[in-house]
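Participant: quick one, fold the following:
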Amino acid sequence: MSERPIILVGYVAALGKFAEFLPENSLVIVEEPDVVRKRGVREAAENSPVVRELVEWEYQLPGAADALIATRPDLTASAVIPLVEYATPCAARLAERLGTPGAGLGAAELMRDKSLLRKVTRAAGVPNPLSEEVNSPEEVVRFMAAIDGPVVLKPANRQGAVGTEIVHDPASVPAVWASCVQHDEGIFAPDRERAVRMLAEEYVVGHEYSVEMVVRDGSDLFFNVTDKVLYPGPRPIESGHVLPAAISDDLAESLRASTLAVLRAVGFGSGVVHCEWIVRDGTPYLVECAGRFPGDGIIEMIERAYQEPIGEHYFTMMRGLEAPAMPSTAPQAAAVRFIPEMTGEIVSIDGLEAALALPGVVHCDVGPGVGDTIRELRSSWDRLGMAMALAPTAGEAVRLAEKAIDQVHIVTTGGPQWNSR
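Facilitator: Numbers count the residues shown, from 1 in each chain. Sure, this is the predicted structure:
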């Protein structure tokens, strides 16, 4: 096949979805060798008609994109697309070298580093929590004293709420520090050691939202606001989403303008962004901004709610082609709710069929199975499962997703059992 392929940097289990709108042998996947082994990526690639080649490459290391180009001068692309958080700098640099649309390496590097993103966006006038890089528990305690309040301790260079915890009591800082510097991402990250850089940030109390945008040359072609809820407790891990958020036009426009201000500040070119905000007293404060698809099923929620293949249109745009006009309103709402936190070895799971039988429920699943051990909820990777539902309004979609979760009955040993019915 002579047509230039689309290069995907980072693997996600969505090859079947891509096969719905891409031709055979049109994808080249670049993934870390450890992740290929741990996630069975080679087998998935060999069984997918759309994958032309799997390239095992340590793409998360500095200079990885340029080294790949030097090693593979035959490599061409019609588009380069990052599919996971850690892929964004490599994908941006590959796009620069191969002459395809992209975020730009400078923008991708700023957005991957939460400390630098704060520095640059604060200078551009975007409201940010007070933040400081910290290297020890003692520095965290000093920062808490300086701001006279609770903080969020988090890594500057991780994803999925890994190593993130809210701290109210200075006496608890040493124990929280010891926990937060452990960044186990299991099958989703390479096995080699990675630098640990920690931030202490002002804890901003407010409602959380995310903005999803498709952006071409710094201008938004599509815009959505997602309303978020968190699990109770000190770890800010998302337990649910609903979109489009049932908010005022003024707040929606404020979130849109704030996100575009972030993109201007970092010099973002073309791509998709997922920008998280906390709104306090009507003002959006930046949490973080990622230059890739959102997780947690949000893209599927968007496509179902807006009844438009936004992902396919994004792929078209990234190939330098004119994408169809994207919708500004959604005919329906979509909601996701995750299963409540629990631990222990799973003895039984039932109720999934009952949940899926509810009108409007499109997904309900549990990741682990009987005999698997559920560990403490420490990051997004530890969530058990979810339900997705569609309804005419956001409130109805949330109630239906929660009703679906209520049908599920999980029993464990060595920990609590959960049965919300």
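
Participant: going by C-alpha atoms from here, please, whenever you check contacts or count neighbours.
Facilitator: Will do.

Participant: can you pull out the strands in the stretch 51-200 of the chain?
Facilitator: Taking DSSP state E, counting those that start in this stretch to define them, one finds strands in the stretch 51-200 of the chain at 51-56, 79-82, 131-134, 151-155, 165-167, 198-202.

Participant: which elements pack onto the fifth one?
Facilitator: The contact analysis (3 or more Cα pairs under 8 Å, 6 or more residues apart in numbering; DSSP states H and E) places strand 165-167 against strand 151-155, helix 173-180.

Participant: A335 and M388 touch, don't they?
Facilitator: Yes. Taking Cα atoms under 8 Å as the definition, A335 is a contact partner of M388 at 5.6 Å.

Participant: quick check: closest non-adjacent residue to P309.
Facilitator: E303 (5.5 Å; Cα to Cα, 6 or more residues apart in numbering).

Participant: tell me how this protein divides into domains.
Facilitator: Listed domain ranges for the chain are 6-100, 113-119+204-331, 130-202, 333-421 (source: automatic domain parsing).

Participant: out of these, which gets nearest to G106?
Facilitator: domain 113-119+204-331 (7.3 Å; Cα to Cα).

Participant: any idea of the mean pLDDT in that closest one?
Facilitator: Here domain 113-119+204-331 scores 95 as its mean pLDDT.

Participant: distance from the chain centre to that domain, please.
Facilitator: Per Cα atoms, centre = their mean, to the nearest Å, the displacement of domain 113-119+204-331 from the mean C-alpha position of its chain is 11 Å.

Participant: any shared contact partners between A335 and M388?
Facilitator: Residues touching both A335 and M388 (Cα atoms under 8 Å, 6 or more residues apart in numbering): M301, A401.

Participant: quick revisit: what about the residue nearest to P309, neighbour count?
Facilitator: 16 (other Cα atoms under 10 Å).

Participant: C275 should be in a strand, yeah?
Facilitator: Yes. The assignment for C275 is a strand, going by DSSP: H, G, I helix; E, B strand; the rest coil.

Participant: is the nearest residue to it once chain neighbours are set aside in a helix, a strand, or coil?
Facilitator: In space, and not counting its chain neighbours, C275 is closest to C289: 4.0 Å by Cα to Cα, 6+ apart. Secondary structure, three-state DSSP: C289 is strand.

Participant: ok, now which ones touch C289?
Facilitator: C289 makes contact with M111, V273, H274, C275, E276, according to Cα under 8 Å, 6+ apart.

Participant: whichever of those end up buried, select them in ChimeraX.
Facilitator: Selection of buried members from the contacts of C289 for ChimeraX, criterion 16 or more other Cα atoms under 10 Å:
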select :111,273,274,275,276
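
Participant: I'd like the contacts of C289 as JSON lines, with distance to L8 appended.
Facilitator: Formatted as JSON lines, the contacts of C289 follow (distance: Cα to Cα, whole Å):
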{"residue": "M111", "distance to L8": "19"}
{"residue": "V273", "distance to L8": "16"}
{"residue": "H274", "distance to L8": "18"}
{"residue": "C275", "distance to L8": "21"}
{"residue": "E276", "distance to L8": "24"}
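
Participant: buried set for the strand ranked longest in the chain?
Facilitator: Longest strand of the chain, by residue count under DSSP state E: strand 219-230. Within strand 219-230, the residues that count as buried by 16+ other Cα under 10 Å are D220, L221, F222, F223, N224, V225, T226, D227, K228, V229, L230.

Participant: now the next helix or strand after it and strand 219-230, what's the angle there?
Facilitator: Heading C-terminal from strand 219-230, the first helix or strand you meet, by DSSP states H and E, is strand 238-243. Strand 238-243 and strand 219-230 are oriented at 140 degrees to each other (axes from the mean of the first three to the mean of the last three Cα atoms, to 10 degrees).

Participant: got the contact list for strand 238-243?
Facilitator: 224-231, 298, 301-302, 305, 333-340, 380, 394, 397-398.

Participant: just checking, what packs against the next helix or strand after it?
Facilitator: Sequence-wise, the next helix or strand downstream of strand 238-243 (DSSP H and E) is helix 249-266. Here helix 249-266 touches helix 105-112, helix 114-123, strand 207-216, strand 219-230, strand 283-290, going by 3+ Cα pairs under 8 Å, 6+ apart.

Participant: between A335 and M388, who's got more neighbours?
Facilitator: Applying other Cα under 10 Å to A335 and M388 shows that A335 carries more neighbours, namely 34 against 30.

Participant: tabulate the domains of the chain in a markdown table, adding columns for distance to G106.
Facilitator: As requested, the domains of the chain are exported to a markdown table (distance: least, Cα to Cα, whole Å):
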| stretch | distance to G106 |
| --- | --- |
| domain 6-100 | 8 |
| domain 113-119+204-331 | 7 |
| domain 130-202 | 16 |
| domain 333-421 | 27 |
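
Participant: the ones you listed: which one's closest to A107?
Facilitator: Across the domains of the chain, closest to A107 is domain 113-119+204-331 (Cα to Cα), at 4.9 Å.

Participant: now do the end-to-end distance for that closest one.
Facilitator: Domain 113-119+204-331 has an end-to-end distance of 37 Å (criterion: Cα to Cα, to the nearest Å).

Participant: keeping just the C-alphas, turn stretch 78-95 into CSV.
Facilitator: C-alpha atoms of stretch 78-95 as CSV (Å, rounded to 0.1, in the frame of the first residue of the first chain):
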residue,chain,number,x,y,z
SER,A,78,-0.6,11.5,6.5
ALA,A,79,-1.3,12.3,10.2
VAL,A,80,0.4,11.8,13.6
ILE,A,81,-2.0,11.3,16.5
PRO,A,82,-1.2,10.9,20.2
LEU,A,83,-3.6,8.5,21.9
VAL,A,84,-2.3,8.7,25.5
GLU,A,85,-0.9,11.4,27.7
TYR,A,86,2.7,10.3,27.6
ALA,A,87,2.6,10.2,23.8
THR,A,88,2.0,13.9,23.2
PRO,A,89,5.6,15.3,23.0
CYS,A,90,6.7,12.5,20.7
ALA,A,91,3.7,12.8,18.4
ALA,A,92,4.1,16.6,18.2
ARG,A,93,7.7,16.2,17.2
LEU,A,94,7.0,13.5,14.7
ALA,A,95,4.3,15.7,13.1
